[in-house]
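Chemist: Quick one: sequence and predicted model below, then my questions.
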Amino acid sequence: MSLDEKKLLWEVETCIQQKRFREAKELLSDMEPIDIAEGLEDLPSAQLVLYFRLLPKDLAVEVFEMLDFDEQERFLAHATGDEVTEIIEEMSDDDRTELFDELPATTVKRLLLKLSPEERRLANTLLGYPEDSAGRIMTPEYIALKAHMTVKSALERIREKARSKETIYTSFVTDEGRHLLGAVELEDLILADPDAEVIDIMNGDPVSVATSADQEQAAQIISRYDLHTLPVVDSEKRLVGIITFDDVLDVVEEEATVDIERMAGIEPVEEDYLDANLFTVARKRFVWLVICIITEALTSTVLKHYSPLTQHVVSLTFFVPLLIGTGGNAGTQAATLMIRGMTVGEIQWKNLGRIIAREAATGVLLGSALGLLGLARAWMIGTGYGVAVTVGLGVLLVVLIGNLAGTALPLLARALHIDPAIMSGPFITTVVDIVGLIVYFETAGAVLGLSSANL
């Protein structure tokens, strides 16, 4: 929020304190909804409701949709029944569905009863789709046209329905059974001959998504085809709703947040960081830390197994942190690229062989360069030729292993229908640590001519 907006809110607050409510209402009407929503955060509940009473109806709905869930819940709990009904009734269908998803079931039932029969039917329909599906985030507020309408009639219909629809920039052409036939842009309608028919200027093969498709797939389609509106169809190809780019931005943010948390070994936290309960945050992080400490116990087992070798050549232990750190980082980098590629649809099963070969080559290239640095460092501190070569080869092999593990584990997770983000961060680091140490000490035994039998 800019300084000017903060100053305006301060003036509004001053007007309210001095009971100059008309002036406060005029000041609020000149502000952007997002700025008002930010200014309402953390206000006492009574004051929050008072601000909404000063807002024009349409602006109040916009501001409510932009509030955080906690603020929305406080308003619903303290506003009058009529005020709640007015807000809930006028909300866009997709935003209302998102709100209902967060509220307790008893509260949702109470709010549904406040809706008009038509809005209640729409709300129940959207809530009936699977969670995180395209059907759950779509809105049925689209403009439908008929194929043999004239352009003039189509523009009149758009003008008539515009205020109650989510978007007017793309209209969809359907038959009598609501089957999707095509899409037409507002620009094309404006520039076309008024007597031409819609079927002559529409795109007859629009990209669409099924109601049961994952919301992330819908986001990928909008990004891939550079759409601002994506039609949603049922199993019989009937048009039931649309997803707009602003809905997709919310999905992208949500999915990215979940992936980042899982890649760091954290169970997704639904609340904002400062709002989340301390014990909840600790519990979400504790599970993966326990898994890591249990699996890392295998590292100590490996070190114990090769203790005769390290006792004989103590300088080998100098480079254990270097090896496991480098291998883990290489694995995490590769996994991040894989997960990102899978998320945006760049990585397909048909390219599996090419992907593995590419990452293997990358691992050799990086490992060779880093191995030379490791060899040089070992030689500089006087470990001797054998240990220096061991370190160089060890780094090369560990980076190669890390790259392959970072590539293979997310792909394995996808094959098992597990979120690939889980196979990242701490998990990959642990796997590479264990395998890397075994490879390092076996390499040392081969280069130095030492083995468990002669130690």
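Modeler: That came through fine. This structure is a prediction, so every number in the text was calculated from the model and none was measured.

Chemist: drop to CA atoms for contacts and neighbour counts, all remaining ones
Modeler: Will do.

Chemist: any idea of the mean pLDDT in stretch 296-308?
Modeler: Averaging pLDDT along stretch 296-308 gives 85.

Chemist: Could I get the buried residue list for it?
Modeler: Across stretch 296-308, burial judged by 16 or more other Cα atoms under 10 Å covers 296, 299, 302-303, 306-308.

Chemist: now swap in stretch 316-326 and tell me
Modeler: 316, 319-320, 323-326.

Chemist: Using a markdown table, lay out those residues together with secondary structure.
Modeler: Converted to a markdown table, those look like this (DSSP: H, G, I helix; E, B strand; the rest coil):
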| residue | secondary structure |
| --- | --- |
| L316 | helix |
| F319 | helix |
| V320 | helix |
| L323 | helix |
| I324 | helix |
| G325 | helix |
| T326 | helix |
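
Chemist: buried residues in whichever helix or strand E71 is part of?
Modeler: Using DSSP states H and E, E71 sits within helix 69-78. Within helix 69-78, the residues that count as buried by 16+ other Cα under 10 Å are 69, 71-72, 75-76.

Chemist: nearest to G382, of those residues?
Modeler: F69 (61.9 Å; Cα to Cα).

Chemist: ok, the closest one touching D101?
Modeler: No: using Cα atoms under 8 Å, F69 makes no contact with D101, being 10.5 Å away.

Chemist: Just list what the helix holding E71 packs against, helices and strands only.
Modeler: On a contact count with 3 or more Cα pairs under 8 Å, 6 or more residues apart in numbering; DSSP states H and E, helix 69-78 meets helix 45-54.

Chemist: tell me the angle the helix it packs on makes with helix 69-78.
Modeler: Relative orientation of helix 45-54 versus helix 69-78 (axes from the mean of the first three to the mean of the last three Cα atoms, to 10 degrees): 80 degrees.

Chemist: who touches helix 45-54?
Modeler: Residues outside helix 45-54 that contact it (Cα atoms under 8 Å, 6 or more residues apart in numbering) are 21, 24-25, 28, 40, 60, 74-75, 78-79.

Chemist: hmm, which of those are the buried ones?
Modeler: The neighbour-count test (16+ other Cα under 10 Å) marks 21, 24-25, 28, 40, 60, 75, 79 as buried among the contacts of helix 45-54.

Chemist: from the residues you listed, which is closest to T244?
Modeler: A60 (21.7 Å).

Chemist: Distance check, the closest one against Q72.
Modeler: According to Cα to Cα, to the nearest Å, A60 and Q72 sit 12 Å apart.

Chemist: Would you mark the buried spots in the helix ranked longest in the chain?
Modeler: Counting residues, the longest helix found in the chain (DSSP state H) is helix 385-415. Buried residues in helix 385-415, counted by 16+ other Cα under 10 Å: 386-411.

Chemist: and if you look at stretch 76-91?
Modeler: Going by neighbour count (16+ other Cα under 10 Å), the buried part of stretch 76-91 is 76, 79, 83-85, 87-91.

Chemist: how about JSON lines for these, with distance to I190 and secondary structure added?
Modeler: Shown next, in JSON lines, are these (distance: Cα to Cα, whole Å; DSSP: H, G, I helix; E, B strand; the rest coil):
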{"residue": "L76", "distance to I190": "42", "secondary structure": "helix"}
{"residue": "A79", "distance to I190": "44", "secondary structure": "coil"}
{"residue": "E83", "distance to I190": "40", "secondary structure": "helix"}
{"residue": "V84", "distance to I190": "39", "secondary structure": "helix"}
{"residue": "T85", "distance to I190": "38", "secondary structure": "helix"}
{"residue": "I87", "distance to I190": "34", "secondary structure": "helix"}
{"residue": "I88", "distance to I190": "34", "secondary structure": "helix"}
{"residue": "E89", "distance to I190": "33", "secondary structure": "helix"}
{"residue": "E90", "distance to I190": "29", "secondary structure": "helix"}
{"residue": "M91", "distance to I190": "29", "secondary structure": "coil"}
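
Chemist: Mind picking the lowest-pLDDT entry from the buried residues of helix 69-78?
Modeler: Among these, F69 carries the weakest pLDDT, at 83.

Chemist: what ranges do the helices span in the stretch 1-150 of the chain?
Modeler: Remark: helices assigned in the stretch 1-150 of the chain by DSSP state H, counting those that start in this stretch are 3-17, 21-29, 33-39, 45-54, 57-66, 69-78, 81-90, 93-102, 105-114, 117-127, 134-137.

Chemist: which of those helices is buried the deepest?
Modeler: Greatest average neighbour count among the helices of the stretch 1-150 of the chain goes to helix 134-137 (a mean of 28), per mean count of other Cα atoms under 10 Å.

Chemist: same for that one, what does it pack against?
Modeler: Short answer (3+ Cα pairs under 8 Å, 6+ apart): helix 134-137 packs on helix 93-102, helix 117-127, strand 209-210, helix 215-225, strand 239-244.

Chemist: Quick one, which of the ones you listed gets closest to A183.
Modeler: Closest approach to A183 among those is made by strand 239-244 (11.3 Å; Cα to Cα).

Chemist: all helices in the stretch 201-350 of the chain, in order from the N-terminus.
Modeler: Counting by DSSP H, counting those that start in this stretch, the helices of the stretch 201-350 of the chain are 215-225, 245-263, 278-305, 307-312, 320-343.

Chemist: least trustworthy helix or strand in the protein by mean pLDDT?
Modeler: When each helix and strand of the chain is scored by mean pLDDT, DSSP states H and E, helix 245-263 comes last, with a mean of 74.

Chemist: list the contacts for the residue nearest in space to the middle of the chain?
Modeler: Centroid-nearest residue in the chain: E255, 1.6 Å away (criterion: Cα atoms, centre = their mean). E255 is in contact with E216, counting by Cα under 8 Å, 6+ apart.

Chemist: Domain-wise, how is the protein divided?
Modeler: Here the domain parsing of the chain from automatic domain parsing is 3-128, 144-254, 278-454.

Chemist: what about the first helix or strand past the longest helix of the chain going along the chain, distance to the chain center?
Modeler: Next along the chain after helix 385-415, taking DSSP H and E as the criterion, comes helix 426-448. Mean-position distance between helix 426-448 and its chain equals 35 Å (Cα atoms, centre = their mean, to the nearest Å).

Chemist: Excluding its own residues, what touches helix 426-448? List them.
Modeler: With contact meaning Cα under 8 Å, 6+ apart, helix 426-448 is reached by 263-265, 288, 292, 295-296, 298-299, 302-303, 306, 309, 320, 323-324, 327-329, 331-332, 386-387, 389-391, 393-394, 397-398, 401-402, 405-406, 409, 450-451.
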